[in-house]
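Enquirer: only geometry, no sequence info:
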């Protein structure tokens, strides 16, 4: 369940039950923060220039995922819970304090 929290915050909760479970590679239109609450994740980030960065994050932790960076997230521990946190935005990319209904802000 996605959550439009107070202020300009949008939250997408994620759970990976088993070691090796993953969220397949994808990109977003804007930067967002990934917060690891339980377990641990391995992030593979493919930059637009082709460089690849791989890092592990063990709860409690967070990382910044830049816009247009393809990223895959894999569980390193069972019952891994992480949330992706976005700012509400307009189609022009401006951060706003309320949900605009423009869902591409979170894609």
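Expert: Everything's here; your move. Keep in mind that this is a model prediction, so the values were computed, not measured.
Enquirer: residues touching the residue most central in space within the chain, list them.
Expert: Nearest to the geometric centre of the chain sits residue 84, at 3.6 Å (C-alpha atoms, centre = their mean). Residues near residue 84 by C-beta atoms under 8 Å, 6 or more residues apart in numbering: 11, 12, 14, 32, 33, 34, 65. C-beta here means a position set from N, CA and C on the backbone, and glycine is covered the same way.
Enquirer: closest to residue 41 among the residues you listed?
Expert: residue 34 (7.7 Å; C-beta to C-beta).
Enquirer: in the helix or strand hosting the closest one, what's buried?
Expert: Assessed by DSSP states H and E, residue 34 sits inside strand 32-38. Buried residues in strand 32-38, counted by 16 or more other C-beta atoms under 10 Å: 32, 34, 35, 36.
Enquirer: The first one and residue 25, how far apart?
Expert: Right, residue 32. The gap separating residue 32 from residue 25 is 15 Å, by C-beta to C-beta, to the nearest Å.
Enquirer: now residue 97
Expert: Distance, residue 97 to residue 25, using C-beta to C-beta: 31 Å.
Enquirer: In terms of secondary structure, what does the strand holding residue 34 contact?
Expert: For strand 32-38, the elements it packs on are strand 52-58, strand 61-65, strand 80-87, judged by 3 or more C-beta pairs under 8 Å, 6 or more residues apart in numbering; DSSP states H and E.
Enquirer: thinking again about what came up before, would you format the contacts of residue 84 as CSV with pLDDT and distance to residue 50 included?
Expert: Converted to CSV, the contacts of residue 84 look like this (pLDDT from 0 to 100; distance: C-beta to C-beta, whole Å):
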residue, pLDDT, distance to residue 50
11, 93, 31
12, 94, 27
14, 97, 26
32, 95, 22
33, 97, 24
34, 98, 22
65, 97, 17
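Enquirer: list the contacts for the closest residue to residue 38 other than its chain neighbours?
Expert: Nearest residue to residue 38 in three dimensions, chain neighbours excluded: residue 81, at 4.6 Å (C-beta to C-beta, 6 or more residues apart in numbering). The contact partners of residue 81, by C-beta under 8 Å, 6+ apart, come to 13, 14, 15, 36, 37, 38, 39, 59.
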